[in-house]
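**Q** I would like the atomic coordinates for the input below:
(chains A and B)
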Amino acid sequence: MLFIDVFLSEAGRSVKNFIDTNLPYILAGISVGGQYALIAIGYTMVYGILRLINFAHGDIFMFAGFAMVYLAAWAPLYVAIPLVLIITVLLGFIVERVAYKPLRSAPRMSVMISAIGVSYLLQNLAWYLTSGLARQYPVIPWISNSVDIGSATTKIVTLITPVLTFVLVVALVMLIKHTKIGMAMRALAKDFETSQLMGIRINTVISITFIIGSFLAAIGSLLYFTNYTSVTPISGAMPGLKAFVAAVFGGIGSIPGAVIGAFIIGICENIIKGLGWTTFSDAFTFALLIIILIARPTGLFGEKSTDKV
Amino acid sequence: MADKKVHSFIVKNRVTIIMVVLLFAALFILEKILPPSSMFFVVLKKGAIYALVAVSMNLLNGFTGLFSLGQAGFMLIGAYTYAIFTIPPEARDTVYQYFDGGIIKFALPVPVAMILAGLAAAFFAFLIGLPVLRLKSDYLAIATLGFAEIIRAIFQWDKLGPITNGSNLLRKFPGFTSVLFPFAVSGICITLIVLLINSSYGRAFKAIRDDEIAAEAMGINLAKHKQLAFTISSFFAGVGGALLAMYQTTVQASAFTSAMTYEILLIVVIGGIGSVTGSILSSFLFIACSEWWLRFLDNETYIGSFRVPLLSSGFRKVVFSIIIMVVVLFYRQGIMGTKELSADAITRFFRKLRGKTKEEAAK
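**A** Numbering: from 1, shown residues only, chains lettered A, B, ... in the order given. Okay, here's the model as predicted:
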């Protein structure tokens, strides 16, 4: 008994030590995890319905960042932030209408190539409009203030992110479970052709899916860039890919799965940074992806699907 | 017997052979006439390299139906392998200045290093392919993309510095000056790929692309053939990477991003997924547009005192990506679709043209 007691207290102490030394990284991880979660929802919803990896989603997120940079220089924040949300939503809507809608009946590979093309276009466009320089993200008062938690100092945004993510996700799940449009989304995700035959306007539903995804990405970008403070034309690519990995990890098509996956990835990535393996923090995410795809392709919460011949 | 075979091969392909000889002669003469700084050579050199990489990607995406996005990663392996083994020993101290001259103290001859570059890429592809090729379509794409990112991180790891020079440049390895060199290497490699595509293996690849289940039912070993296509494609991507390293004269892992893979994919799409000659044509077009013909879009231009609107740095790439989107959305077949441009097709085309004019004359 004594031995077990000693062992437990020893283990408890080492866990406490671990948390004490890594607290800043864990906090950063929770924060960035929430931001990935907001992006990942866009991926998982679009994939659930269209079976398409929307490669442009990360770049829409980046555009939201730039929109904020320019609008905040021109208007006060209470005007700029709603405008950023509107512009991002519009961009998501336009991308879907222009690049994906014409290919509705095309093979999946073509749609994916189109998504890659849009991503390329958005990056180049951002490069042109900003002449490729990193732009300083405007300081949003209050949420950029510093705060002390235990031994660590962090920005208030770190604390807000998980709360806001949670609220938004609950709202979204309610929307999907209890409204007509949510029902239509679930129907589309289940069976595309049949729901079309049942009189669901698929184009409207798909547009709304993209609008919701872009809206959440815009909020994610407000939080993310407040933390990282500068925007470049390629700063959407990595968070985008990682959010997609989070979506796959949680089981693509499942919103709670995407959120949990995003938090796990955010925290692991930052702990790896804390251990001094910064070079591998990106690689870790992809290694995790490959392990998940091989061991459990449906992810943590994904439904098992059978391919019919 | 063998002599007879070679003879009949030459007779069958005499037009192609003559054209290849003419092409090389033309290149040789051009090099004598034009100044070596001409943009023309930049396009030819880079175009030839991209042609090889694009064809190797087409072997996977177009002929085997495996949507892989790992090309940049394999090019990186090829480029690094080539560079690491060819930096002359006397230059190593300056290149590996932070790592005491590195741990490799010898240099291999260029051709050996190039083949080694391909083999290294193929070896990694073999290892990666074992688990990853079980995945389908977009999952395969994202997994291979992920592997390319992992490879990039590993090559930048400073613990491997004595071999890879960490995140610093590799330089001072032998390059090429004549445009004939990349043409010859790419030409040989693409010929090998074409021979493979026309062999029984190639027919098996196409069967897998068209219908996996039917192919399996016909007795094609899916795992083996997918693995084969993946490994061979990566071999040539590795050789392409080595060529790119020679062309750039420096190598840095951070340049081989997923954006590079996307560019190559878009070249393949513009040329036509499933057409070797399409990929070759579109690589030259792509490079010519991005390096030369559309350059003027990047410069501020005045007509009289009127400043032409929109033209400034970066506009070229925007125009370019719009063109690409138009191709992707409205000309999904690309330039060639799945057709091939061959010497036979060209002569047939001209014969038909002549026949038509004769008919018209008769009328």
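**Q** wait, A:Asn54 touches A:Ile116, no?
**A** No: if you go by CB atoms under 8 Å, A:Asn54 and A:Ile116 don't touch, sitting 10.3 Å apart. No exception for glycine: its C-beta is placed from N, CA and C like everyone else's.
**Q** more neighbours, these two?
**A** A:Asn54 (28 against 25; other CB atoms under 10 Å in any protein chain shown).
**Q** ok, now how distant is that one from A:Ala287?
**A** Look at A:Asn54 and A:Ala287: by CB to CB, to the nearest Å, they are 23 Å apart.
**Q** for the nearest residue to B:Ser275 once chain neighbours are set aside, which residues are in contact?
**A** Excluding the flanking residues, the one nearest B:Ser275 by CB to CB, 6 or more residues apart in numbering or on different chains is B:Met336, at 3.9 Å. Shown in contact with B:Met336 (CB atoms under 8 Å, 6 or more residues apart in numbering or on different chains): B:271-272, B:275, B:277-278, B:281.
**Q** is it fair to say B:Met336 lies in a helix?
**A** No: according to DSSP: H, G, I helix; E, B strand; the rest coil, B:Met336 belongs to no helix; its state is coil.
**Q** phi first, then psi, for it.
**A** Dihedral angles of B:Met336 (phi, psi; degrees, to the nearest 10) stand at phi -110, psi -10.
**Q** most centrally placed residue in the chain?
**A** Let's take chain A. Geometric centre of chain A, nearest residue: A:Ile39, 1.9 Å, by CA atoms, centre = their mean.
**Q** that's the wrong chain, I wanted chain B
**A** Nearest to chain B centroid, counting by CA atoms, centre = their mean: B:Val53, 1.5 Å.
**Q** now that one: how far from A:Trp142?
**A** 50 Å.
**Q** tell me the contacts of A:Pro162?
**A** Counted by CB under 8 Å, 6+ apart, A:Pro162 has contacts A:30-31, A:33-34, A:263.
**Q** which of the helices or strands spans residue 81?
**A** You didn't pick a chain, so chain A it is. Element membership for A:Ile81 (DSSP states H and E) is helix A:77-95.
**Q** that's the wrong chain, I meant chain B
**A** Per DSSP H and E: helix B:71-86 holds B:Thr81.
**Q** next one: that helix to chain centre, how far?
**A** Mean-position distance between helix B:71-86 and its chain equals 14 Å (CA atoms, centre = their mean, to the nearest Å).
**Q** remind me what that helix packs against, helices and strands.
**A** helix B:39-58, helix B:110-132, helix B:137-155, helix B:161-164, strand B:170-171, helix B:222-248, strand B:250-251, helix B:258-271 (3 or more CB pairs under 8 Å, 6 or more residues apart in numbering or on different chains; DSSP states H and E).
**Q** how many other residues sit next to residue 25?
**A** Chain wasn't specified; assuming chain A. A:Tyr25: 18 neighbours (other CB under 10 Å).
**Q** the intended chain is chain B.
**A** 10.
**Q** and the helix or strand harbouring it with helix B:39-58, angle?
**A** Using DSSP H and E, B:Ala25 falls within helix B:14-33. Counting by axes from the mean of the first three to the mean of the last three CA atoms, to 10 degrees, helix B:14-33 lies at 140 degrees to helix B:39-58.
**Q** can you pull the buried residues of helix B:14-33?
**A** Neighbour-count burial for helix B:14-33, with 16 or more other CB atoms under 10 Å in any protein chain shown as criterion, is recorded at B:27, B:31.
**Q** I'd like the mean pLDDT over that helix, please.
**A** Averaging pLDDT along helix B:14-33 yields 82.
**Q** who does it touch, helix- and strand-wise?
**A** Using 3+ CB pairs under 8 Å, 6+ apart: helix B:14-33 touches helix B:39-58, helix B:180-198, helix B:343-362.
**Q** then the second one to PDB, C-alphas only?
**A** Yep, that's helix B:180-198 we're talking about. What follows is helix B:180-198, C-alpha atoms only, in PDB (Å, rounded to 0.1, in the frame of the first residue of the first chain):
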ATOM      1  CA  LEU B 180      21.100  20.300 -74.100                       C
ATOM      2  CA  PHE B 181      21.700  18.600 -70.800                       C
ATOM      3  CA  PRO B 182      18.300  19.000 -69.200                       C
ATOM      4  CA  PHE B 183      16.700  18.100 -72.600                       C
ATOM      5  CA  ALA B 184      18.700  15.000 -72.900                       C
ATOM      6  CA  VAL B 185      18.000  13.800 -69.300                       C
ATOM      7  CA  SER B 186      14.300  14.700 -69.400                       C
ATOM      8  CA  GLY B 187      14.100  13.200 -72.900                       C
ATOM      9  CA  ILE B 188      15.500   9.800 -71.800                       C
ATOM     10  CA  CYS B 189      13.400   9.700 -68.600                       C
ATOM     11  CA  ILE B 190      10.200  10.600 -70.500                       C
ATOM     12  CA  THR B 191      10.900   8.000 -73.100                       C
ATOM     13  CA  LEU B 192      11.300   5.400 -70.300                       C
ATOM     14  CA  ILE B 193       8.000   6.500 -68.900                       C
ATOM     15  CA  VAL B 194       6.300   6.300 -72.300                       C
ATOM     16  CA  LEU B 195       7.700   2.800 -72.800                       C
ATOM     17  CA  LEU B 196       6.400   1.800 -69.400                       C
ATOM     18  CA  ILE B 197       2.900   3.200 -70.200                       C
ATOM     19  CA  ASN B 198       2.800   1.200 -73.400                       C
END
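**Q** and whatever residue of the stretch 151-300 of chain A ends up closest to chain B, which helix or strand is it part of?
**A** Closest residue of the stretch 151-300 of chain A to chain B, CB to the nearest CB: A:Phe286 (3.1 Å). Assigned by DSSP H and E, A:Phe286 belongs to helix A:281-295.
**Q** does the helix or strand containing B:Val318 reach chain A?
**A** Element membership for B:Val318 (DSSP H and E) is helix B:315-330. Yes: against chain A, helix B:315-330 shows contacts by CB under 8 Å from any CB of the partner chain at B:315, B:317-318, B:320-322, B:324-325, B:328-329.
**Q** quick one: mean pLDDT for that helix?
**A** Helix B:315-330 comes out at a mean pLDDT of 87.
**Q** packing partners for that helix?
**A** So helix B:315-330, by 3+ CB pairs under 8 Å, 6+ apart, packs with helix A:108-130, helix B:258-271.
**Q** the host helix or strand of the residue nearest to the centre of chain A packs against which elements?
**A** Taking DSSP H and E as the criterion, the element that holds A:Ile39 is helix A:2-50. Here helix A:2-50 touches helix A:57-74, strand A:152-155, helix A:156-178, helix A:180-190, helix A:202-228, helix A:237-250, helix A:255-274, going by 3+ CB pairs under 8 Å, 6+ apart.
**Q** quick one: it to helix B:137-155, angle?
**A** Using the same axes, to 10 degrees: helix A:2-50 against helix B:137-155 is 130 degrees.
**Q** avg pLDDT for helix A:2-50?
**A** 80.
**Q** could the contacts of A:Pro162 go into CSV alongside neighbour count?
**A** Shown next, in CSV, are the contacts of A:Pro162 (neighbours: other CB atoms under 10 Å in any protein chain shown):
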residue, neighbour count
A:Ile30, 19
A:Ser31, 27
A:Gly33, 27
A:Gly34, 27
A:Phe263, 22
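**Q** which pair of the residues you listed spans the longest distance?
**A** By the measure CB to CB, A:Ser31 and A:Phe263 form the most distant pair in those, at 10.0 Å.
**Q** before we move on, the earlier item: select only the buried ones of the residues of helix B:315-330 next to chain A in ChimeraX?
**A** To isolate the buried ones among the residues of helix B:315-330 next to chain A in ChimeraX, judged by 16+ other CB under 10 Å, type:
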select /B:315,317,318,320,321,324,325,328,329
